[in-house]
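# Below are the sequence and a predicted model for it; my questions follow.
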Amino acid sequence: MAGLLYTAAVFAVALGAAHSVLGERYILTRLFHRSDLPKLFGSAEFTTRTLRFAWHITTVAWFGFAALLVHAGRGDLTVSGMLQIIGLTFVASGVLPLLLTRGKHLSWLVLFVIGGIALWCAA
């Protein structure tokens, strides 16, 4: 059973990487060349940055799931360990909107709070 969970983890990482790389190359870049993007907060730049972090946050989540699968495969997945992985995944997810939208998209606050709560409860 451990081998299957490790295989699933490898697939989750590969899927996340492919999602980010191929999505950036074939979807986002082409989408951002359009002249009719909505201008949120006064510019299309905020729109493109929001779409970019929203796209890549999926990859961060899949990497977090991969970590859970690895620990489950090793047989050492504890509640504390699970909460640490979840907390770090949410904190990493919060970094994306914080950096890419320069803090204008306030989801980073909620993601950091969720991550902080999970990490605090893991201790």
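In hand now; what should we look at?

# now Val91, nearest residue through space, not along the chain?
Closest residue to Val91 apart from its sequence neighbours, by Cβ to Cβ, 6 or more residues apart in numbering: Gly115 at 3.7 Å. (C-beta placed from N, C-alpha, C; glycine too.)

# Report the contact partners of the one you found.
Listed by Cβ atoms under 8 Å, 6 or more residues apart in numbering, the contact partners of Gly115 are 86-94.

# before we move on, what about His71?
By Cβ under 8 Å, 6+ apart, the neighbours of His71 are 77, 81-82, 85.

# least confident pick among these?
Within these, Leu77 has the lowest pLDDT, namely 91.

# Distance check, it against Thr50.
Leu77 is 34 Å from Thr50, where distance means Cβ to Cβ, to the nearest Å.

# mind checking the SS state of the residue of the chain most remote from its centre?
Computed with Cα atoms, centre = their mean, the residue of the chain farthest from its C-alpha average is Ser35, at 27.6 Å. Of the three states, Ser35 takes coil according to DSSP: H, G, I helix; E, B strand; the rest coil.

# Before we move on, what's the pLDDT of it?
For Ser35, the predicted pLDDT is 87.

# Return the member of the contacts of His71 nearest to Gly64.
Using Cβ to Cβ, Ile85 comes nearest to Gly64 of the contacts of His71, at 5.9 Å.

# Following element in sequence after the top helix by length along the chain, please.
In the chain, with assignment by DSSP state H, the single longest helix is helix 44-74. Downstream of helix 44-74, the first helix or strand assigned by DSSP states H and E is helix 79-100.

# Any chance you could list what contacts that following helix?
Residues contacting helix 79-100 (Cβ under 8 Å, 6+ apart): 49-50, 52-53, 56-57, 60-61, 63-64, 67-68, 71, 103, 105-112, 114-123.

# Which among the residues you listed count as buried?
Among these, those scoring as buried are 49-50, 52-53, 56-57, 60-61, 63-64, 67-68, 71, 105, 107-108, 111-112, 114-115, 118-119, 122 (criterion: 16 or more other Cβ atoms under 10 Å).
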